[in-house]
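**Student:** with the input below, show me the fold.
(one chain, ligands or ions: 1)
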Amino acid sequence: MHVDREGALRAAREWDARYAGGGALPPLAGLPVAVKDIICTAGMPTTCGSRILAGWVPPYDATVVSRLKDAGAVIVGKTNLDEFAMGSSTENSGFGPTRNPWDPERVPGGSSGGSAAAVAAGMIPLALGTDTGGSIRQPAGFTSIVGMKPTYGRVSRYGLVAFASSLDQVGPMARTVADAALLLHVIAGRDPKDSTSVDIPVDDYPGTLPRGARGLRIGIAREAFGQGLQGDVGEAVQAAAAHLGGLGAVLTEVSLPSIPYALPTYYLLATSEASANLARYDGVQYGLRVPTDDLFTMYTRTRRQGFGSEVKRRIMLGTYALSAGYYEGFFLKAQRVRTLIRREFLQALDAVDLVLMPVSPTVPFRLGEKVDDPLQMYLADIYTIPVNLAGLPGISVPCGFSNGLPIGLQLIGKPFDEATVLRAAYAYEQDTDWHTRRPPVVGQTHSQAVAEVHKRDRATPRPAPKRGAQTRRRSSRKSKKARTRK
Ligand code: GLN
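**Tutor:** Residues are numbered from 1 along each chain as shown. The predicted structure is shown next:
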């Protein structure tokens, strides 16, 4: 979305000079990193994938960004996302969709689809994503890379633009578990600027990786292998579990009966929090302003023009769930169910070290396939959302392909036990070769890749919009144009 060519080259030259001068270097010295465009970067635009923030340049770095810079990373630019991180396909971006490097007619997942696609395509080795309901793990699974959502409180969110504050976490996206461990190690830890970041010591993630999977107790989540799961996805994930068993992990089954309630619970809580968080985009403080004579009309016109339809849908849903008369029945009830879900996970994790399940119920779907059907889109996160509600660490690691499309394995750990999650993922990765496969676009120049996409576009027209769909009845290409109102 934004490439800071000059800044990146300047920083790289400085690290080159320090390298040539000899002496100790910090852990990420000279390594290029891309940052999801919902994390503030001083002097670089931060749009959140929204027209309402087009052109906004934050005056400061998020803590994760300053930690990256302190560790020597070269921030190359910002990556595309669903508007305000609301989505599972990166099609909700106000600046157009991102495509999946494994098949440019398919989505890379979302909302951190830009970071995932950039890492998978070999454009960059490391990227930051954010995960409120699956937005790191699901796109990582869809693009065959490694993505981790840390425990709620593990990583500072100072400078992360808020979507749903009780769920949002920043985390690493990388080609290998070792790279993800290194990146997480750099960004993790208490930050006095974020009172929700926790003062629990950060383990030596890279150092603990080689300990292997022997003796780890892994619970396969029974409810995650039922209806709605694509057959060969389930088989690949079961095969990965068996593989871990072969590496000495002790496999059992665990039950998480509240999993089916996670989706409605999340869509009440996340939308409620979003409706409050997004109240600040009023044409006065940030970004877009549609000037009119009176203040109220200015607010409404700015918000009507600036926000896309998914964001509006969520603001309306959240405002409703929080309104007098409905609060007890919706918001409060959802909070109670959330507590039950968390308790269930913690109980399961009393008996095992890790819970295992798929990342997504399907392989990457086609662009345009679900944009007219929000509920279908929401189902893409059915296995990742419970983990956010419970506040636990979870990782997605490549575990196979179905007709050339990636499948992800999800491992979920105890609070603040990222080390064990990474260690098991590493043991699996090192004994398999899924992570060594590269999508067909790797090695192509940018213009070759673009030419190929255009050729495919001409060969396969978009699916016709479904009749009677609730919103956005246009084809995805047209709706992109509509959203690009200049
Ligand atoms: N896809 C989920 C949503 O649309 C999760 C998004 C996220 O994790 N940021 O809310």
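
**Student:** give me the element the residue nearest to T432 when sequence neighbours are not counted is part of.
**Tutor:** Sequence neighbours aside, H243 is the residue nearest to T432 in space, at 6.7 Å (criterion: Cβ to Cβ, 6 or more residues apart in numbering). (Glycine included, C-beta is placed from N, CA and C.) H243 is part of helix 231-246 when elements are defined by DSSP states H and E.

**Student:** which residues touch T271?
**Tutor:** Taking Cβ atoms under 8 Å, 6 or more residues apart in numbering, we find T271 in contact with 164, 314-315, 317-318, 321.

**Student:** show me these that map onto strands.
**Tutor:** Within the contacts of T271, no residue falls in strands by DSSP state E.

**Student:** what helix or strand is the residue of the chain positioned farthest from its centre on?
**Tutor:** No residue in the chain sits farther from the centre than D293, which is 40.2 Å out by Cα atoms, centre = their mean. In this assignment (DSSP H and E), D293 forms part of neither any helix nor any strand.

**Student:** and the pLDDT at it?
**Tutor:** pLDDT for D293: 93.

**Student:** same question, the one 10 residues further on
**Tutor:** According to the per-residue confidence, R303 scores 97 in pLDDT.

**Student:** my read: it touches I52, true?
**Tutor:** Yes - contact criterion Cβ atoms under 8 Å: R303 and I52 qualify, at 7.4 Å.

**Student:** just want to know which of those two has more residues nearby.
**Tutor:** I52 (25 against 20; other Cβ atoms under 10 Å).

**Student:** residues contacting that one?
**Tutor:** Residues in contact with I52 (Cβ under 8 Å, 6+ apart) are 94, 281, 286-288, 302-303, 305-307.

**Student:** the closest residue to it other than its chain neighbours and T208, how far apart?
**Tutor:** With Cβ to Cβ, 6+ apart as the criterion, I52 has its nearest non-adjacent residue at 2.9 Å, and that residue is G306. Counting by Cβ to Cβ, to the nearest Å, the gap from G306 to T208 is 45 Å.

**Student:** the more surrounded of those two?
**Tutor:** Neighbour comparison, G306 and T208: the larger count goes to G306, with 25 against 15 (by other Cβ under 10 Å).

**Student:** now the more buried one: how far from P45?
**Tutor:** 15 Å.

**Student:** what's the answer for V352, then?
**Tutor:** 44 Å.

**Student:** with R366 instead?
**Tutor:** R366 is 30 Å from P45, by Cβ to Cβ.

**Student:** how about the strands in the stretch 101-250 of the chain?
**Tutor:** 126-131, 146-149, 169-174, 217-221, 250-254 (DSSP state E, counting those that start in this stretch).

**Student:** now the shortest one: average pLDDT?
**Tutor:** So the one you mean is strand 146-149. Taken as a whole, strand 146-149 has an average pLDDT of 98.

**Student:** contacts for that strand?
**Tutor:** Contacts of strand 146-149 (Cβ under 8 Å, 6+ apart): 112, 116, 129, 131, 134, 136-137, 139-141, 169, 171-177, 179-180, 184, 384, 387-388, 393-398, 418, 421-422, 425, 429, 435.

**Student:** what residues does this protein put near the ligand?
**Tutor:** Within the chain, the residues that sit near the ligand (Cβ under 6 Å from any ligand atom) are 85-88, 111, 131-135, 163, 270, 381.

**Student:** neighbour count added to those residues, as TSV?
**Tutor:** Shown next, in TSV, are those (neighbours: other Cβ atoms under 10 Å):
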residue	neighbour count
A85	29
M86	28
G87	31
S88	28
S111	35
D131	30
T132	27
G133	32
G134	32
S135	36
F163	26
A270	27
D381	29
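
**Student:** redo the residues you listed as a markdown table? Include pLDDT.
**Tutor:** Formatted as a markdown table, the residues of the chain next to the ligand follow (pLDDT from 0 to 100):
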| residue | pLDDT |
| --- | --- |
| A85 | 98 |
| M86 | 98 |
| G87 | 97 |
| S88 | 97 |
| S111 | 98 |
| D131 | 98 |
| T132 | 98 |
| G133 | 98 |
| G134 | 98 |
| S135 | 98 |
| F163 | 98 |
| A270 | 98 |
| D381 | 96 |
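
**Student:** do I have it right that the residue nearest to T432 meets Q430?
**Tutor:** No - counting by Cβ under 8 Å, H243 stays clear of Q430, with 11.3 Å between them.

**Student:** where do the helices sit along the stretch 51-200 of the chain?
**Tutor:** 63-70, 113-120, 137-143, 177-187 (DSSP state H, counting those that start in this stretch).

**Student:** got the ones you listed as a markdown table, with mean pLDDT columns?
**Tutor:** Listed next are the helices of the stretch 51-200 of the chain as a markdown table, based on pLDDT from 0 to 100:
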| stretch | mean pLDDT |
| --- | --- |
| helix 63-70 | 98 |
| helix 113-120 | 98 |
| helix 137-143 | 98 |
| helix 177-187 | 98 |
